[in-house]
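Enquirer: coords please:
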Amino acid sequence: MLFSAEEIERYARHIVLHDVGGPGQQKLKAGRVLVIGAGGLGAPVLLYLAAAGVGRLELVEDDEVSLSNLQRQVIHRTQDIGRAKTDSARDAVAALNPHVEMVTHQTRITADNAMELIGNVDVVVDGSDNFTTRFLVSDACVLAGKPLVAAALGTFDATVTTVRAHERGADGGLNPTYRCLFPEPPPPGTVPPCSEAGIIGALAGIAGSIAALEAIRVLVGFGEGLVGRLLMIDARSMRFETLSYGWDPDNPLTGEAPTIRDLSAHRQAGASPA
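Expert: Numbers count the residues shown, from 1 in each chain. Modelled structure (predicted):
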């Protein structure tokens, strides 16, 4: 896969990196990433993946830009208020890097379309804001055999992890699933949305940038990554801690007696990225 002179200059700081170089940049150009949501997390993910030269970005999002989004969703502008987030994000990506193909899906990800959407890409980055969507996406990625970078935001805290449950670790054991970390979603109503609890805007940029870095790492293949590790960010004390977790033989996806073999259980509840 050849680069134009403009691309060589654009990606020069990647190309001179020993762990990326020309071959790694070619992997990025050939890469296909699906981003769930163009909100606080999805915004920096899309911008940094576009800047890095990922060849094809796909976005699933059904919401419109509102004024309250702009405190943290940096891919959108004031003049985008009222527009579909898919359109706003597509324009921002095109302005940043015209070499990136942007495909938008102005819809919710559901049990009916998840496998088709996920099946067309190399990596999925979940930036949704609710547990219903997170569990749907994580289950679908395991069933489809796709790497998943999962990020989540609280008021002053955030988490990022990478799930490659279709692969084995260096010790030969199965990699953990998202359900090995969180077996079940919390009861409805126990975790208030950011519209009620609030959120510090810059934290979304930190967590989203880390999620983008994890996706780049998956495509290029360097470093250790966050497989089997949950990165926890505390913005109040500026502390970064990592929790290790492993394969749970009781998990319902890849455990010793799996009970989840498709997404039928998710059809009872809607899932919407934001």
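Enquirer: Tell me where this protein has helices.
Expert: Counting by DSSP state H, the chain has these helices, from start to end: 5-10, 12-15, 21-30, 42-52, 85-96, 114-119, 131-144, 178-181, 194-197, 201-220.
Enquirer: Check the ones you listed for me: which has the lowest mean pLDDT.
Expert: When those are ranked by mean pLDDT, helix 194-197 comes last with a mean of 74.
Enquirer: ok now it, how far from the chain's centre?
Expert: Relative to its parent chain, helix 194-197 has a centroid offset of 21 Å by CA atoms, centre = their mean, to the nearest Å.
Enquirer: Check stretch 177-195 too.
Expert: That offset, for stretch 177-195, works out to 17 Å (CA atoms, centre = their mean).
Enquirer: Need the contact partners of that stretch.
Expert: Stretch 177-195 has contacts (CB atoms under 8 Å, 6 or more residues apart in numbering) with 40, 68, 129-132, 134-135, 138-139, 142, 148, 150, 153, 155, 161, 163, 165, 230, 245-248, 250-254. From N, CA and C alone the C-beta is placed, and that goes for glycine too.
Enquirer: and the helices of the chain, which is most packed in?
Expert: Sort the helices of the chain by mean neighbour count, taking mean count of other CB atoms under 10 Å, and helix 42-52 sits at the top with a mean of 25.
Enquirer: which other helices and strands contact it?
Expert: Under the contact definition 3 or more CB pairs under 8 Å, 6 or more residues apart in numbering; DSSP states H and E, helix 42-52 sits against strand 32-36, strand 56-60, helix 85-96, strand 123-126, helix 201-220.
Enquirer: Return the residues in contact with the residue nearest to Val103 when sequence neighbours are not counted.
Expert: Closest residue to Val103 apart from its sequence neighbours, by CB to CB, 6 or more residues apart in numbering: Glu58 at 4.5 Å. When contacts are counted by CB under 8 Å, 6+ apart, Glu58 is found next to Arg32, Val33, Leu34, Val35, Met102, Val103, Thr104, His105, Leu117, Asn120, Val121.
Enquirer: mind checking pLDDT for the residue nearest the centre of the chain?
Expert: Nearest to the centroid of the C-alpha atoms of the chain, with distances taken as CA atoms, centre = their mean, sits Val125, at 1.7 Å. With respect to pLDDT, Val125 scores 98.
Enquirer: measure it to Thr78 for me?
Expert: 26 Å (CB to CB, to the nearest Å).
Enquirer: State the pLDDT value of the residue nearest to Val103.
Expert: Note on Glu58: pLDDT of 98.
Enquirer: try Ala271
Expert: pLDDT, read off for Ala271, is 46.
Enquirer: going forward, begin numbering at 20 instead of 1
Expert: Sure thing, new numbering starts at 20, so read that last one as Ala290.
Enquirer: Check which residues of stretch 166-184 are buried.
Expert: 166-173, 176-184 (16 or more other CB atoms under 10 Å).
Enquirer: tell me the mean pLDDT over that stretch?
Expert: Stretch 166-184 carries an average pLDDT of 97.
Enquirer: And it, how far out from the chain middle?
Expert: Distance, centroid of stretch 166-184 to centroid of chain: 8 Å (CA atoms, centre = their mean).
Enquirer: One more: stretch 32-46?
Expert: Relative to the centre of its chain, stretch 32-46 is centred 22 Å away, using CA atoms, centre = their mean.
Enquirer: Repeat that for stretch 113-124.
Expert: Distance, centroid of stretch 113-124 to centroid of chain: 17 Å (CA atoms, centre = their mean).
Enquirer: mind saving the C-alpha coords of it as PDB?
Expert: What follows is stretch 113-124, C-alpha atoms only, in PDB (Å, rounded to 0.1, in the frame of the first residue of the first chain):
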ATOM      1  CA  ALA A 113     -12.900  15.200   6.500                       C
ATOM      2  CA  ALA A 114     -11.500  18.600   7.500                       C
ATOM      3  CA  LEU A 115      -8.800  17.000   9.600                       C
ATOM      4  CA  ASN A 116      -7.700  14.300   7.200                       C
ATOM      5  CA  PRO A 117      -9.100  13.900   3.700                       C
ATOM      6  CA  HIS A 118      -7.300  10.600   3.300                       C
ATOM      7  CA  VAL A 119      -9.700   8.900   5.800                       C
ATOM      8  CA  GLU A 120     -12.900   7.300   4.600                       C
ATOM      9  CA  MET A 121     -15.800   8.000   6.900                       C
ATOM     10  CA  VAL A 122     -18.900   5.900   6.900                       C
ATOM     11  CA  THR A 123     -21.800   6.900   9.100                       C
ATOM     12  CA  HIS A 124     -24.800   4.900  10.400                       C
END
